[in-house]
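Asker: no sequence for this one, just the structure:
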């Protein structure tokens, strides 16, 4: 595990953690003895038993779908935008990632965005699906990119306040149990002045799939409505022929 990781990894309630290993088992532990396992370098700060609603449904769906996710999204991107890179850069180009920046993607999935970003930054990824995180880990090893992966809910990020220079979420936001709370968490872990980016499907695209029970489960609201009044430089636009929205704003 990366040295110094416990300097900013916390429990969802904000308690400090220490690193331990017993034989081949690795874990983080609170002073009161609560353990969070590390499965093959993926830090699991999540109680699956307590998952409810969309978070529970989507975790199960993406765990099952994780091995096929990249193949299907590449085919879709080729059909819609010529290739995956063209599609992803329509929002990734809005991120300004400098050498040495500490960058975190919320709902990182298989990590398909990371390969198009500055390789001299320090990357972290959060996702609710362990299956997707495992696929991300394999991809990063093929690309020889270092990354720290954490299984957690977007509404309860196990991260110390004011930790990251860049915070973004590309996909998943619409179907978090509580998108408003996820925004508050992104703001909390970002350093002052940090630009935060959120992108996901528009209502226009969702309506094309309204027979799908997962899509029916949640109304998609304009993401600007979730922002606290204190946010600065708020910009919203639609990209990819109206399929996706991109929202950017700065922490005060």
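Answerer: Sure, I can see it. These numbers come from a predicted model, not from an experiment.

Asker: so residue 27 is in which element?
Answerer: When secondary structure is defined by DSSP states H and E, residue 27 falls within strand 25-29.

Asker: what of residue 31?
Answerer: Using DSSP H and E, residue 31 sits in no helix or strand.

Asker: so it touches residue 16, yeah?
Answerer: Yes: counting by CB atoms under 8 Å, residue 31 touches residue 16, with 7.3 Å between them. (Each C-beta comes from the backbone N, C-alpha and C, glycine too.)

Asker: and these two? Which one has more around it.
Answerer: Ranked by neighbour count (other CB atoms under 10 Å), residue 31 and residue 16 place residue 16 first, with 13 against 9.

Asker: that one: what's it in contact with?
Answerer: Neighbour list for residue 16: 6, 10, 30-31 [criterion: CB atoms under 8 Å, 6 or more residues apart in numbering].

Asker: for it, what are phi and psi?
Answerer: phi -70, psi 150 (degrees, to the nearest 10).

Asker: check what pLDDT it gets.
Answerer: On pLDDT, residue 16 comes in at 93.

Asker: can you pull out the strands in the protein?
Answerer: 18-22, 25-29, 35-39, 42-44, 102-106, 122-127, 147-151, 166-170, 195-201, 232-239, 244-250 (DSSP state E).

Asker: for this structure, which residue occupies the most central location?
Answerer: By CA atoms, centre = their mean, the chain has its centre lying nearest to residue 106, at 1.6 Å.

Asker: leaving out chain neighbours, which residue sits closest to that one?
Answerer: Among residues not flanking residue 106 along the chain, residue 169 sits closest, at 4.1 Å (CB to CB, 6 or more residues apart in numbering).

Asker: look up which residues are beta-bridged to that neighbour.
Answerer: In this structure, residue 169 bridges to residue 106, residue 198 when assessed by DSSP bridges.

Asker: with residue 22 instead?
Answerer: Beta-bridge partners recorded for residue 22 (DSSP bridges): residue 25.

Asker: so what's the residue count around it?
Answerer: Other residues close to residue 22 by other CB under 10 Å number 7.

Asker: please report the distance of it from residue 35.
Answerer: According to CB to CB, to the nearest Å, residue 22 and residue 35 sit 10 Å apart.

Asker: OK, contacts around the residue nearest to residue 106?
Answerer: By CB under 8 Å, 6+ apart, the contact set of residue 169 is 105-107, 154, 182, 186, 197-200.

Asker: where does pLDDT dip in the stretch 101-250 of the chain?
Answerer: 208-219 (pLDDT under 70).

Asker: please enumerate the helices of it.
Answerer: Ranges of helices within the stretch 101-250 of the chain are 130-143, 179-189, 203-208, 213-216, based on DSSP state H, counting those that start in this stretch.
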